[in-house]
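Novice: Quick one: sequence plus predicted model below, questions after.
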Amino acid sequence: MEVLAALLAVSSLAAMPPPVVSTAPETEVLMAAVGDIRLDGPVADVARGTGPGGPTSAIRDILEGDIVFGNLETPLTARGIKTAKTWNFRAKPALLKIVKAAGFTVLNIANNHVWDYGREGFEDTLKALSRNGLDFVGGGRDRAAAEKARLFEFEGLTVGLVGLTSTHPQAAWARRNAPGVAYSDFDRIAEIIHRAKKQCDVLVVSFHGGTELAEDPNEIQKAVARASIDAGADLFLGHHPHVLQPVELYKGKPIVYSLGNFLFVSPTPTTRATVVARVSLAKNGVRGIDFIPLDTNYGRPKPAGPDLAAAARASLNRLGALDARPELLRFPEIAPAGDGKLR
């Protein structure tokens, strides 16, 4: 009987259909990321003459993505007390039409200008972003809100984004019961990143810090970037220096120390070369980054010519990362001078 039962069991198994193996492709999303955005001044002047889509009309297709990210370095307010500093920015909330026309979906506000008109100006900024349906990271009505990860849900994939800054004024740093930006406190970076990573499959950290116009990252940038990766971040995107800085691979994960300017006009020629980082994200992290070179072009970005493209690549490759991992960190082939094309 035991032998008969065994034979019947084998026969039954043989008659069963084979298990269904899913052939559905793994979810992969595209994040387009840029550096600093200032909506007043020259950018506002361009928009007045061309409409809100004018400043980015030449590169609209390059900015397309499932997540489109930039650093908003402008408080959105007509109120507040001007902070004592060299440069103060502010823009009317209506100028958010510029970033909406460009397709931005999420903005970093952890930076040194969002408090240029104090607490009133900062709180107006939070309201303006919310009213216009724009998500943001790095700031909020208290420290917990400022440090909170923003989560983007796709089919089978959750992408998280956290914003931090090391910049002053210290009055702008969010407190337990006071609004402000998320300060990159070394005693708490691991806690912030661990908490965020538990909520998502892949985590991007946005960081505003460094030395303005410096070719290389300073020690604070390096320490924050590596601490973030150690704590679970999959990608680190920096801004504040206004120029491109090198890419580093740390434990196999990309650190972009500075994305440079985007919609931001600076008098220094080295700020003209910039990029859009088009990042492919999946459950295993960063699948690849395409760095598309641009000319900031006085508030109306356009594809870079060969000279600026070469300068952009040289800045990103100062540590040799693009040469070491060309399949991961991709840059268009630069045509010979005078050709006027990128391939």
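Specialist: Arrived safely, thanks for sending. Predicted, not measured: the structure shown is a model, and the values here were computed from it.

Novice: what ranges do the strands span in the stretch 151-300 of the chain?
Specialist: For the stretch 151-300 of the chain, the strands defined by DSSP state E, counting those that start in this stretch cover 157-165, 180-181, 202-208, 235-239, 247-250, 253-256, 261-263, 273-282, 285-295.

Novice: The ones you listed: which one's closest to residue 80?
Specialist: Closest to residue 80 of those, according to CB to CB: strand 180-181, at 13.8 Å. Just so you know, the C-beta spots here come from the backbone N, C-alpha and C atoms, and that holds for glycine as well.

Novice: what helices or strands is the closest one leaning on?
Specialist: Helices and strands touching strand 180-181, by 3 or more CB pairs under 8 Å, 6 or more residues apart in numbering; DSSP states H and E, are helix 143-147.

Novice: now the helix it packs on, how far from the chain's geometric center?
Specialist: In this view, helix 143-147 has its centroid 18 Å away from the chain centroid, taken as CA atoms, centre = their mean, to the nearest Å.

Novice: tell me which residues in that helix are buried?
Specialist: By neighbour count on 16 or more other CB atoms under 10 Å, the buried set for helix 143-147 is 143, 146-147.

Novice: Then stretch 270-285?
Specialist: Neighbour-count burial for stretch 270-285 flags 270-282, 285 (criterion: 16+ other CB under 10 Å).

Novice: Turn those into JSON lines, including pLDDT.
Specialist: Shown next, in JSON lines, are the buried residues of stretch 270-285 (pLDDT from 0 to 100):
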{"residue": "270", "pLDDT": "97"}
{"residue": "271", "pLDDT": "98"}
{"residue": "272", "pLDDT": "98"}
{"residue": "273", "pLDDT": "98"}
{"residue": "274", "pLDDT": "98"}
{"residue": "275", "pLDDT": "98"}
{"residue": "276", "pLDDT": "98"}
{"residue": "277", "pLDDT": "98"}
{"residue": "278", "pLDDT": "98"}
{"residue": "279", "pLDDT": "98"}
{"residue": "280", "pLDDT": "98"}
{"residue": "281", "pLDDT": "98"}
{"residue": "282", "pLDDT": "98"}
{"residue": "285", "pLDDT": "97"}
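
Novice: still on that earlier bit, would you reformat the strands of the stretch 151-300 of the chain as JSON lines and include distance to residue 75?
Specialist: What follows is these, written out as JSON lines (distance: least, CB to CB, whole Å):
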{"stretch": "strand 157-165", "distance to residue 75": "14"}
{"stretch": "strand 180-181", "distance to residue 75": "11"}
{"stretch": "strand 202-208", "distance to residue 75": "14"}
{"stretch": "strand 235-239", "distance to residue 75": "17"}
{"stretch": "strand 247-250", "distance to residue 75": "30"}
{"stretch": "strand 253-256", "distance to residue 75": "25"}
{"stretch": "strand 261-263", "distance to residue 75": "15"}
{"stretch": "strand 273-282", "distance to residue 75": "23"}
{"stretch": "strand 285-295", "distance to residue 75": "25"}
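
Novice: Figure out which of these is closest to residue 71.
Specialist: Judged by CB to CB, the one of the strands of the stretch 151-300 of the chain that comes nearest to residue 71 is strand 235-239, at 4.5 Å.

Novice: tilt between that closest one and strand 157-165?
Specialist: If you take axes from the mean of the first three to the mean of the last three CA atoms, to 10 degrees, strand 235-239 sits at 40 degrees to strand 157-165.

Novice: Enumerate residues external to strand 235-239 that contact any of its residues.
Specialist: Residues from elsewhere that reach strand 235-239, judged by CB atoms under 8 Å, 6 or more residues apart in numbering: 33, 35-36, 69, 71, 108, 111, 202-210, 217, 221, 225, 228-229, 245, 253-260, 277, 279, 281, 285-286.

Novice: Then stretch 167-182?
Specialist: Outside stretch 167-182, the residues touching it (CB under 8 Å, 6+ apart) are 83, 85, 109-112, 114-115, 118-119, 122-123, 126, 137-147, 162-165, 183, 192, 208-209, 240.

Novice: Report the buried members of those residues.
Specialist: 83, 109-112, 114-115, 118, 122-123, 126, 137-140, 143, 146-147, 162-165, 183, 192, 208-209, 240.

Novice: so where's this protein shaky on pLDDT?
Specialist: 1-24, 334-343 (pLDDT under 70).

Novice: That one: helices as residue ranges?
Specialist: 2-15, 42-50, 96-102, 118-131, 143-147, 189-197, 219-230, 306-316, 321-324 (DSSP state H).

Novice: To residue 79, which of the ones you listed lies closest?
Specialist: Closest approach to residue 79 among the helices of the chain (CB to CB): helix 118-131, 4.8 Å.

Novice: could you say what helices and strands the closest one packs with?
Specialist: For helix 118-131, the packing partners by 3+ CB pairs under 8 Å, 6+ apart come out as strand 135-137, strand 139-140.
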